[in-house]
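S.K.: give me coordinates for this.
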Amino acid sequence: MFFQLPFVSYFFLVYAVVILLSRPFMGHLMDQHNENFVIYPTLITTALGLCAIARMHSVWVMLLSAVLVGLGFGNFQSAIQEIVTKVVASDRLAQATSTYFIFFDMALGFGPCLLGLVVPALGYRGLFTMVALFAIIGLPLYYLVHGRHIQK
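M.R.: The predicted structure follows:
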């Protein structure tokens, strides 16, 4: 089976390298334009990467998914953190940052446990497709909560 190949360990290596190389570029784009210019593409790229994982059939698709998820989720996470620090008053910055990381850590901790409950019903392909749909649902949610308030 494909998942038993030694190449699976390269997924997170590629993911980490893509994040390391792309974050300065994405930060520059946010500074030049605005956060919407980065958030919408990162959500779409995350969804594409998760769909690639769901349909994975070779090492190359796995590595492509690592690139896409690194560009997407890896930059989405830091862009949202920047938005949090931008929209709060400076005297509330510590509370906002800690609240952000508390919920981010809770999502990383409890999310896989909860998603694991749907694996028997959906399988892994269905699971990754479902999570890709969550990223797509994030597009209008982000717009409603923050994106529509951004000055062009």
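
S.K.: does N75 touch L21 like I think?
M.R.: No: the criterion here is CB atoms under 8 Å, and N75 misses it with L21 at 10.7 Å. C-beta: built from backbone N, CA, C; applies to glycine.

S.K.: mind checking which of the two has more residues around it?
M.R.: More neighbours surround N75 than the other of N75 and L21, with 25 against 11 (other CB atoms under 10 Å).

S.K.: list the contacts for that one?
M.R.: By CB atoms under 8 Å, 6 or more residues apart in numbering, the contact list for N75 reads I19, S22, R23, M26, V38, T42.

S.K.: tell me how far it lies from L117.
M.R.: Shown here: N75 relative to L117, a distance of 29 Å by CB to CB, to the nearest Å.

S.K.: with D31 instead?
M.R.: Applying CB to CB, one obtains 41 Å for the distance of D31 from L117.

S.K.: kindly report the same for Y124.
M.R.: With distances taken as CB to CB, Y124 is found 13 Å from L117.

S.K.: so V131 touches L50, yeah?
M.R.: Yes: V131 is within contact range of L50, at 5.3 Å (criterion: CB under 8 Å).

S.K.: who has more neighbours, the two?
M.R.: With neighbours defined as other CB under 10 Å, V131 and L50 compare such that L50 has more, 25 against 18.

S.K.: could you check the pLDDT of the most centrally placed residue in the chain?
M.R.: In the chain, the C-alpha closest to the average C-alpha coordinate belongs to F73, at a distance of 1.9 Å (CA atoms, centre = their mean). Note for F73: predicted pLDDT of 95.

S.K.: tell me the contacts of it?
M.R.: Listed by CB under 8 Å, 6+ apart, the contact set of F73 reads T42, T46, G49.

S.K.: dump the residues you listed into CSV; add secondary structure, pLDDT and neighbour count as well.
M.R.: CSV is the format used below for the contacts of F73 (DSSP: H, G, I helix; E, B strand; the rest coil; pLDDT from 0 to 100; neighbours: other CB atoms under 10 Å):
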residue, secondary structure, pLDDT, neighbour count
T42, helix, 97, 23
T46, helix, 97, 26
G49, helix, 97, 25
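
S.K.: now, among those residues, which is nearest to M56?
M.R.: Of all these, G49 has the smallest distance to M56: 10.6 Å, by CB to CB.

S.K.: got the contact list for the closest residue to L64 other than its chain neighbours?
M.R.: With sequence-adjacent residues excluded and distances taken as CB to CB, 6 or more residues apart in numbering, L64 is closest to A52, at 5.7 Å. Residues in contact with A52, defined by CB under 8 Å, 6+ apart, are V61, L64, S65, L68.
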